[in-house]
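Here is a sequence together with a model predicted from it:
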Amino acid sequence: VQLQASGGGLVQAGGSLRVSCVVSGETFRINSMGWYHQAPGKQPDLVALITRSGRTDYPASVKGRFTISRDNAQNTLWLQMNHLKPEDTVVYYCNAELLPLQDHFWGQGTLVTVSS
C-alpha cells in the first residue's frame, strides 16, 4: 500500500486549505484512515480519524475547524482545514490502518504553513 499526500501550502491565519491523500495498492484491506502531525523529535499526534463506515474523531484542538472525509471508491482521503491558526503550521501525514493485522502505512507528509 502506498499513500501520496498533497495540497499543503502557505495560507494566512483564518484561511482554509484542503489536503488530500490518494491510496494505491491493496486498498481493499484499508480499515480506518487518519491525518496526523508530528513535531520534530516527538511522536505523531492525531489530527483527525475516520473509520471505514465514516465515523469520525477529532482532538479538541481542531474540532469544529477541521473535517476529515474519504471516498472508498476513489481511495482518497481529505482533510478540510478552516479557521487556520499559526499553531497549525506543521507537516501533516496521512495514515491508513490495514486489516487483518492492523498494520499502519504512512504517506510522505505535506507541509501546511499558516502565517499570522
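Structure's in. What do you need?

Tell me the bridge partners for the residue nearest to residue 66 when sequence neighbours are not counted.
Spatial nearest neighbour of residue 66, chain neighbours left out: residue 81 (5.1 Å); criterion: Cβ to Cβ, 6 or more residues apart in numbering. Using the backbone N, CA and C atoms, a C-beta is placed for each residue, glycine as well. Beta bridges link residue 81 to residue 17, residue 66 when assigned by DSSP bridges.

Contacts only, for residue 81.
The neighbours of residue 81, taking Cβ atoms under 8 Å, 6 or more residues apart in numbering as the test, are 16, 17, 18, 19, 62, 65, 66, 88, 112.

what's the distance between the residue nearest to the first one when sequence neighbours are not counted and residue 13?
Taking Cβ to Cβ, 6+ apart, and ignoring the residues beside it in sequence, residue 16 has residue 82 as its nearest neighbour in space, at 4.7 Å. In this structure, residue 82 and residue 13 are 12 Å apart, going by Cβ to Cβ, to the nearest Å.

ok, residues contacting stretch 39-51?
Stretch 39-51 is contacted by residues 31-38, 56-59, 62, 66-70, 77, 79, 90, 92-93, 95 when judged by Cβ under 8 Å, 6+ apart.

change it to 7 Å
Applying Cβ atoms under 7 Å, 6 or more residues apart in numbering, the external contacts of stretch 39-51 come out as 32-38, 56-59, 62, 66, 68-70, 79, 90, 92-93.

Now the buried members of the residues you listed.
32-37, 58, 62, 66, 68, 70, 79, 90, 92-93 (16 or more other Cβ atoms under 10 Å).

What ranges does this structure have for its strands?
2-6, 9-12, 17-24, 30-37, 45-50, 56-57, 66-71, 76-81, 90-98, 103-106, 110-115 (DSSP state E).

any chance of those in a markdown table, plus mean pLDDT?
A markdown table is the format used below for the strands of the chain (pLDDT from 0 to 100):
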| stretch | mean pLDDT |
| --- | --- |
| strand 2-6 | 95 |
| strand 9-12 | 97 |
| strand 17-24 | 96 |
| strand 30-37 | 95 |
| strand 45-50 | 97 |
| strand 56-57 | 98 |
| strand 66-71 | 97 |
| strand 76-81 | 97 |
| strand 90-98 | 95 |
| strand 103-106 | 94 |
| strand 110-115 | 96 |
